[in-house]
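Enquirer: Okay, sequence plus prediction incoming.
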Amino acid sequence: MCGIAGIISTGAFKSDKEPLVRAMQAALRHRGPDDEGIYISNDRACALAHTRLSIIDLSPAGHQPMPSPDGRYWIAYNGEIYNFKELRAELETKGEKFRSSSDTEIILKLYQREGADCLNKLRGMFAFAIWDEKEKSCFLGRDPFGIKPLYYFSAGSTLLFASELRGILAAGIDEKRLSKEGLYSYFLSGSVTEPYTIIDGILSLPAGHWMKWQNGRLDYPQRYWKPEFNPKRITYSEACERTRHSLISSIEKHFVSDVPVGIFLSGGIDSSALVALARQTQKGKLLTYTVTFEEPGWNEGPIAKKVAQKFDTVHTEYLINAQEARELFDYFLDNIDQPTIDGLNTYCIAKIARENGAKVLLSGLGGDELFGGYPSFRTIPKMINWGNILQALHLSNIVSQTLEKSGKPHSKRLADFLRKQPSAISAYRSLRGIFSESESQLLMPQYIPGSAAVPALIDAPFNFPGLNDEISYLELSYYMRNQLLRDSDVMSMAHALEMRIPFVDRMFFEDISSIPSSMRILSNKKLLVDSVPELPKEVYDRPKRGFLLPFQKWIEKDWEKDFLKAEAPKGVSLGLWYRRWGLVVLKKWIEKNLT
């Protein structure tokens, strides 16, 4: 896990690259404190920077940017390739020789042989850039689900890219200003929807895409993979066997490391399943970490401890109270790369794990999206059904207007849904929303004076076998990618900790997506539970609850003085804690980055 940055240009940036790329590197140093390097091409058209968190091949042989033996290709890479040993063996049969034991060299040699097609052979999380000195081109690629970020800014013949926005901002781009599309999506969902970012002109290379710069021109991103659901005829027992076998395989791959690996154990089904199945492949010491709270209604420490005892892990608990969380909040604000209404929870668990010996941490993120753990799988079908009924009765507009006038946040978002044709997309936006569309339009001029309406920022352009498959796609491609994965990357890397996600794995997904949703999406994630019968009953025989800190109590009682400073125009309610949170975080981010 690392930080990468680069400047590619035939224009004004050409002679001034070194101080700029060093500034970009310095902005990403927290991501890779173990080593760093810079490469500048002889004609100064390319400058690459790298900061290294050493996980595989800790020796100097893994240093980056890494050249090919003939010096034609140079790579700067962030991520982990879990099947790199198998790929290495395959390449060796074709006559390739290796100078290191790193996965970086695997990508470099695969690209030499196969170009963009190499992406389809990589199992892992990654974002990388490869400069071709002969062709004078730069290739950028990002992993299928977008676990690892990659941002870019293109102007004229110049391309800037980096693992975080702050890396690009450090290069001193002109006229830093908020993006209308990015800001609007933040108000609607609590995170910025890719390919937009919060900064105008800086974009995110979409997950499962690659692009290429050549001859002063950047081509449009090209998709090489997308999440598709292709159900096959299968019995339920076969579905359980496939789920178990595939998850064990993914977990085993995600433990490939030359440094200690731990598991974040929340006490929920997903993380407990990781611990249970890790014992199928990890026979030695197994590290687990849990955050606990003083508030009984939020504290899952006792259940996590029971799981840890059952599977004989070296377990670390960390009690966090309102006062300490408030102190950590200031550090959290210093580390966010884009505004978010989430992330403090991940910041806390990453801090604990890093301070207690882990350099790599496995997360149970992704299980809810694949096995139907979110309320959206139950609520969206009901919303669509009622929306169709109201349309058939010609009552949609009347009910929508009544809900809008109520002034209640949930009612306003439901009004958004009823104004449109009932669909999974419109229902999803309403259900996952923070501010309604009308409220977002009222908020926009406070930050971008005179801002006009912006286009819809969510779509599902594929055909799906069923509604639950479409909901899975929406959860994977929007909430998970734009919020959970982004926060996990930024907040873990703030502590120089690598976060790995076995449920969010291309091969695992392709195995699981072939199981019909009638089996895959069952109440209380029954398929996953039945696939891991070792789980204690206490883990799954209770209501679903995500990993959240007791924010509402803390904000309303312990932190109230600070969070009452949020302001909004008339017609925008701040009665819900996460709305105030979102505006406070946005204000702090703007003060730090744009003033």
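Expert: That came through, no problem.
Enquirer: N345 falls within a helix, correct?
Expert: Yes: residue state for N345 (DSSP: H, G, I helix; E, B strand; the rest coil) corresponds to a helix.
Enquirer: and it, how far is that from L370?
Expert: Using Cβ to Cβ, to the nearest Å, N345 is found at 21 Å from L370. Glycine gets a C-beta too; all of them are placed from N, C-alpha and C.
Enquirer: what do you get for Q421?
Expert: Distance from Q421 to L370, by Cβ to Cβ: 28 Å.
Enquirer: just F145 next, same as before
Expert: Going from F145 to L370 by Cβ to Cβ gives 11 Å.
Enquirer: quick one: which of the two has more around it?
Expert: Legend: neighbour count by other Cβ atoms under 10 Å for F145 and L370, higher for L370 (26 against 23).
Enquirer: correct me, but the more buried one touches E510?
Expert: No: L370 lies out of contact with E510 (Cβ atoms under 8 Å); the separation is 11.5 Å.
Enquirer: intersection of neighbour lists for F145 and L370?
Expert: Here F145 and L370 have 476, 509 as joint contacts, going by Cβ atoms under 8 Å, 6 or more residues apart in numbering.
Enquirer: Now do the end-to-end distance for stretch 476-484.
Expert: This stretch, stretch 476-484, spans 10 Å end to end (Cα to Cα, to the nearest Å).
Enquirer: start the count at 48, not 1, going forward
Expert: Sounds good: first residue 48 from here, last item stretch 523-531.
Enquirer: what residues does that stretch touch?
Expert: For stretch 523-531, the external contacting residues (Cβ under 8 Å, 6+ apart) are 192-193, 236-241, 254, 274, 387-389, 412-413, 416-417, 475, 479, 505, 507, 551.
Enquirer: Next, the buried residues of that stretch.
Expert: 523-531 (16 or more other Cβ atoms under 10 Å).
Enquirer: In this structure, which residue is most central in space?
Expert: Residue closest to the mean C-alpha point of the chain, counted by Cα atoms, centre = their mean, is L532 at 1.5 Å.
Enquirer: any idea how far the nearest residue to that one once chain neighbours are set aside lies from S410?
Expert: Nearest residue to L532 in three dimensions, chain neighbours excluded: I194, at 5.5 Å (Cβ to Cβ, 6 or more residues apart in numbering). Distance from I194 to S410, counting by Cβ to Cβ: 10 Å.
Enquirer: Quickly list what's touching both of the two.
Expert: Shared contacts of I194 and S410, defined by Cβ under 8 Å, 6+ apart, comprise I548.
Enquirer: ok, now how distant is A136 from F145?
Expert: A136 is 11 Å from F145, by Cβ to Cβ.
Enquirer: do P597 as well
Expert: P597 is 50 Å from F145, by Cβ to Cβ.
Enquirer: mind checking pLDDT for the residue of the chain positioned farthest from its centre?
Expert: Here the centre of the chain is the reference, and by Cα atoms, centre = their mean the most remote residue is L440, at 41.5 Å. In the predicted model, L440 carries a pLDDT score of 94.
Enquirer: hang on, C93 packs against G53?
Expert: Yes: the criterion here is Cβ under 8 Å, and C93 meets it with G53 at 7.0 Å.
Enquirer: So for these two, which sits in the more crowded spot?
Expert: Using other Cβ under 10 Å as the criterion, C93 and G53 rank with G53 on top: 30 against 27.
Enquirer: Can you classify that one by secondary structure?
Expert: Put simply, G53 is strand when judged by three-state DSSP.
Enquirer: Residues in a beta bridge with it, which ones?
Expert: Using DSSP bridges, the beta-bridge partners of G53 come out as L95, F208.
Enquirer: and it, what is it in contact with?
Expert: Applying Cβ under 8 Å, 6+ apart to G53 gives the contacts 68, 71, 93-96, 123, 176, 178, 185, 206-209.
Enquirer: what about 10 Å?
Expert: For G53, the contact set (Cβ atoms under 10 Å, 6 or more residues apart in numbering) comprises 64, 68, 71-72, 85-86, 93-97, 112, 121, 123, 176, 178, 185, 187, 199, 206-209, 214, 218, 260.
Enquirer: now, which of these lie within helices?
Expert: Among the contacts of G53, the ones falling in helices (DSSP state H) are 64, 68, 71-72, 214.
Enquirer: hang on, A254 packs against D190?
Expert: Yes: A254 is within contact range of D190, at 6.9 Å (criterion: Cβ atoms under 10 Å).
Enquirer: Look up the residues that both of the two are in contact with.
Expert: Jointly contacting A254 and D190 under the rule Cβ under 10 Å, 6+ apart are 174, 197, 272, 532.
Enquirer: Which residue ranges of the stretch 498-642 of the chain form helices?
Expert: With DSSP state H, counting those that start in this stretch as the criterion, the stretch 498-642 of the chain has helices at 514-521, 533-540, 553-559, 564-567, 573-578, 584-587, 598-600, 607-610, 624-640.
Enquirer: For stretch 613-623, which outside residues touch it?
Expert: The contact list for stretch 613-623 (Cβ under 10 Å, 6+ apart) reads 234, 454-457, 459, 481-483, 485-493, 599, 610-611, 626-634.
Enquirer: Give the buried residues for that stretch.
Expert: For stretch 613-623, by 16+ other Cβ under 10 Å, it's 613, 615, 619, 621.
Enquirer: And that stretch, end to end?
Expert: Terminal-residue distance, stretch 613-623 (Cα to Cα): 12 Å.
Enquirer: what do you get for stretch 200-214?
Expert: Terminal-residue distance, stretch 200-214 (Cα to Cα): 11 Å.
Enquirer: residues of that stretch that come out buried?
Expert: Buried-residue list, stretch 200-214, by 16+ other Cβ under 10 Å: 200-201, 204-214.
Enquirer: export the helix ranked longest in the chain as PDB, just CAs?
Expert: Longest helix of the chain, by residue count under DSSP H: helix 283-301. C-alpha atoms of helix 283-301 as PDB (Å, rounded to 0.1, in the frame of the first residue of the first chain):
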ATOM      1  CA  TYR A 283     -29.300 -24.200  -1.900                       C
ATOM      2  CA  SER A 284     -26.700 -26.600  -0.500                       C
ATOM      3  CA  GLU A 285     -24.500 -26.000  -3.500                       C
ATOM      4  CA  ALA A 286     -24.900 -22.300  -3.000                       C
ATOM      5  CA  CYS A 287     -23.700 -22.600   0.600                       C
ATOM      6  CA  GLU A 288     -20.700 -24.800  -0.500                       C
ATOM      7  CA  ARG A 289     -19.800 -22.300  -3.200                       C
ATOM      8  CA  THR A 290     -20.000 -19.300  -0.800                       C
ATOM      9  CA  ARG A 291     -17.900 -21.000   1.800                       C
ATOM     10  CA  HIS A 292     -15.300 -22.300  -0.600                       C
ATOM     11  CA  SER A 293     -15.000 -19.000  -2.400                       C
ATOM     12  CA  LEU A 294     -14.800 -16.900   0.800                       C
ATOM     13  CA  ILE A 295     -12.100 -19.200   2.200                       C
ATOM     14  CA  SER A 296     -10.100 -18.800  -1.000                       C
ATOM     15  CA  SER A 297     -10.500 -15.000  -0.900                       C
ATOM     16  CA  ILE A 298      -9.500 -14.800   2.800                       C
ATOM     17  CA  GLU A 299      -6.400 -17.000   2.200                       C
ATOM     18  CA  LYS A 300      -5.300 -14.700  -0.700                       C
ATOM     19  CA  HIS A 301      -5.900 -11.600   1.500                       C
END
